[in-house]
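**Student:** any chance you could fold what I've pasted below:
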Amino acid sequence: MDKKVIGSSEMIINPDGSIFHLHLLPEQLCDRIILVGDPGRVDMVASFFDTKTFEVSSREFHTIGGTYKGKPIMCLSHGIGPDNIDIVLNELDALANVDFNTREVKEQHRTLTLVRIGTSGALQPELILGTPVIAERSIGFDGVLNYYAGRNEVSDLDFEREFCSFVDWNPQLASPYVVKSCHELVEQIGRDDMVRGCTISAVGFYGPQGRELRLPLASPGLNSRIEQFRYHGRPVTNYEMESAPLQGLALLMGHRAMTVCSIIANRVNTTASPNYKTAVKDLVKTVLERI
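**Tutor:** Take a look at the predicted model:
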């Protein structure tokens, strides 16, 4: 069978040999990757590294590579939103599994371990501020995975049907998809100090998460219906914007991925913590120890 060759317009390589958006070289890629949204948070994560071997910044994508307790590791910021995850996952996978000289897909697959550390808003009253929640399942409101072949094979179709029926899903919106995180990785990172939940990845921060400022919502009761929904007795726990495309694309590409978020607001109790950085920093230290 002929090897697949990626065209120059499909995978753009910069003049220095780096991948288009991330500006990373194949030789800089580490197998262990911490993902964060905020480019400034990369410096905080890297402050725990024993050594720093490189640093690259391009747009919202900021990367620092090094070692932590002898383990090669890198931290990369993906910015905000599921569209950025589509860029980051495809370019990291290309760095791992495409020969940049020949543009051929490599015969031997390289598996990456990706842990996203983020912040989130709770949808259940018992989730107190500062609680780390693992997205054991993620519901994608973004539609990113729907553009890829194999979407149904990695999604929980029964969950999708029950969810859409219960919340009276608006057909004008993207069809939700439900994907699991890597079970092995969840067992590795998760302990009794973390809640295992079901996380929604929204396509925006305001209307798509049920926030109403000046513009009225098309489905004003959606969050209430989501809060009441149960699948095999388990609720939807929290909102964020990246876990579902991360975990869905990783499943399709053969990588290990999960998301763990610190709860910084509770949408049910209408409480929020503006001083959440300490909890996030503690979560970073925990993940670095366990990855």
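**Student:** residue 265 is in contact with residue 128, correct?
**Tutor:** No: using Cβ atoms under 8 Å, residue 128 makes no contact with residue 265, being 11.3 Å away. To be clear about C-beta, it is placed using only N, CA and C from the backbone, and glycine gets the same treatment.
**Student:** of the two, who's got more company?
**Tutor:** residue 265 (18 against 12; other Cβ atoms under 10 Å).
**Student:** who's in contact with the more buried one?
**Tutor:** Residues near residue 265 by Cβ atoms under 8 Å, 6 or more residues apart in numbering: 120-122, 129, 271-273.
**Student:** just send these back as JSON lines, with pLDDT too.
**Tutor:** Below are the contacts of residue 265 laid out as JSON lines (pLDDT from 0 to 100):
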{"residue": "120", "pLDDT": "92"}
{"residue": "121", "pLDDT": "92"}
{"residue": "122", "pLDDT": "92"}
{"residue": "129", "pLDDT": "90"}
{"residue": "271", "pLDDT": "81"}
{"residue": "272", "pLDDT": "82"}
{"residue": "273", "pLDDT": "78"}
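**Student:** most widely separated two among these?
**Tutor:** Within these, 120 and 271 form the most distant pair, 13.5 Å apart (Cβ to Cβ).
**Student:** of the two, which one has the most company?
**Tutor:** residue 120 (26 against 14).
**Student:** who's the more buried one bridged to?
**Tutor:** Using DSSP bridges, the beta-bridge partners of residue 120 come out as residue 263.
**Student:** make sure it is actually in contact with residue 260.
**Tutor:** No: taking contacts as Cβ under 8 Å, residue 120 lies outside contact range of residue 260: 9.4 Å.
**Student:** tell me which element the closest residue in space to residue 207 that isn't next to it in sequence falls in.
**Tutor:** Nearest residue to residue 207, sequence neighbours excluded (Cβ to Cβ, 6 or more residues apart in numbering): residue 217, at 5.9 Å. Using DSSP states H and E, residue 217 falls within no helix or strand.
**Student:** quick check: phi and psi on residue 217?
**Tutor:** phi -90, psi 150 (degrees, to the nearest 10).
**Student:** now the helix or strand encompassing residue 66: average pLDDT?
**Tutor:** Assigned by DSSP H and E, residue 66 belongs to strand 61-68. Strand 61-68 carries an average pLDDT of 98.
**Student:** just stretch 88-104 next, same as before
**Tutor:** 98.
**Student:** now swap in stretch 195-211 and tell me
**Tutor:** pLDDT averaged over stretch 195-211 gives 96.
**Student:** before we move on, back to that, could you name every residue contacting both of residue 120 and residue 260?
**Tutor:** residue 133.
**Student:** for the residue nearest to residue 207, give its distance to residue 120.
**Tutor:** 20 Å (Cβ to Cβ, to the nearest Å).
**Student:** repeat for residue 150
**Tutor:** 28 Å.
**Student:** and what of residue 92?
**Tutor:** Taken as Cβ to Cβ, the span from residue 92 to residue 120 is 23 Å.
**Student:** so who does residue 214 touch?
**Tutor:** Neighbours of residue 214 in contact, by Cβ under 8 Å, 6+ apart: none.
**Student:** wait, a strand at it?
**Tutor:** No: using DSSP: H, G, I helix; E, B strand; the rest coil, the secondary structure at residue 214 is coil, not a strand.
**Student:** what's the following helix or strand after the helix or strand that residue 45 is a member of?
**Tutor:** Element membership for residue 45 (DSSP H and E) is helix 41-46. Counting by DSSP H and E, the next helix or strand C-terminal to helix 41-46 is strand 51-58.
**Student:** number of residues surrounding residue 172?
**Tutor:** Residue 172 has 7 nearby residues by other Cβ under 10 Å.
**Student:** which non-adjacent residue is nearest it?
**Tutor:** That would be residue 218: by Cβ to Cβ, 6+ apart, it lies 7.7 Å from residue 172.
**Student:** you'd agree the one you found is up against residue 170?
**Tutor:** Yes: the criterion here is Cβ under 8 Å, and residue 218 meets it with residue 170 at 6.4 Å.
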